Structures are given as structure tokens and as C-alpha cells.
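*Asks:* take this sequence and fold it.
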Amino acid sequence: MTGGPEPISDVAREVLERELADLRAERETVAATLRGGERVGDRADEADELQRGTELDRLDTRIAEVDGRLREAAVAGPPRTDRVGVGSSVTVRFADTTEATVQIGEVAEVLDPTLVTSDSPLGRALLGAGDTISYETPEGRSTAVVLSLGDEDDRS
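*Replies:* Predicted structure coming up:
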């Protein structure tokens, strides 16, 4: 990561937008259960009220994180095509000669077999990569050759 605004893949954007909608709905539900300044019943009621307040704080924090990431991505614009970064599509040839086009993302919850997270061994190796990369796998050190950068539709 560059420290500046990072682009985001379309898949990751959709996942974050869906998460944000879910978080806001959950927050609304939790907020509706708070009594806000009223005297609550016994200690169990007070503890329950405190727990809901803590949950509201957690939701507010995550909402701010997701909303901030989406705004940052909007400022960053589309992924660069001159170097590998978050949001990039990269076609690589692995040591066993298989080829795959992967997308560098940051959202691990996405059930997308082409997604490689930026903090995975392959993702870290690809970020800012040259023509050949080396990374650790459970079976040991592996290498891959970067064949192209950008969407498959963009290649000629």
C-alpha cells in the first residue's frame, strides 16, 4: 500500500457497500432499543443497556471505517495499469506452468476464487512486483511470472 488513497476492485466495493447497508440497519435496530437517559430497572437491565451502548459504539466505529474506505477509493479512482496495486488484475504463470488472472483485493470475506488479498503471501509479492515474483506457500517457496497487468479485456 502506498499510504495514499488506494483504489478498490468492483467486487470489494460491492461487498463493502453491502456491509455498510447491513451495519446501518443493525445500528438502527440497536439504537431503537436504547432508553437514552431514562432510569433503567435493576442491575441486569443496566448491564443490558450498557452492552447495547457498547454494541452501538462498535457499529459506529465499523461504519466509519467502511465509509472512509469507500470514500478513499472514490478519490483514488480506478486501479493503475502501470504497476500492481490494490484493485489490480494480474495474469501470472505459476511454477507448474498454470496461468491465472487474479485480482488484488483487501476484503477477505469475498467468496471469489480469483481474489488474492493484499496481505496474503502472493498478494504481498505481487504488490509493486516486477516480472518475476517469489513468495512463501505452505509447501515452501514458490515463484510466478507476471504476464500482464490490467483487465483481460484490455490486453491485445
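*Asks:* and the lowest mean pLDDT element among the helices and strands of the chain?
*Replies:* One helix or strand of the chain scores below all others by mean pLDDT, DSSP states H and E: strand 115-117, with a mean of 82.
*Asks:* got the buried residues for that strand?
*Replies:* 115, 116, 117 (16 or more other CB atoms under 10 Å). (Each C-beta comes from the backbone N, C-alpha and C, glycine too.)
*Asks:* which stretches of this protein have low pLDDT?
*Replies:* The model of the chain has pLDDT under 70 over residues 1-4, 35-41, 80-81, 107-112, 128-129, 151-156.
*Asks:* now do the helices in it.
*Replies:* 10-33, 43-76, 121-126 (DSSP state H).
*Asks:* out of these, which gets nearest to residue 97?
*Replies:* Taking CB to CB, helix 121-126 is the member of the helices of the chain nearest to residue 97, at 16.6 Å.
*Asks:* pull the distance from the closest one to the chain's centre.
*Replies:* 15 Å (CA atoms, centre = their mean, to the nearest Å).
*Asks:* can you pull the buried residues of that helix?
*Replies:* Going by 16+ other CB under 10 Å, helix 121-126 has these buried residues: 121, 122, 123, 124, 125, 126.
*Asks:* cool, and stretch 48-56?
*Replies:* Under 16+ other CB under 10 Å, the buried positions of stretch 48-56 are 49, 52, 55, 56.
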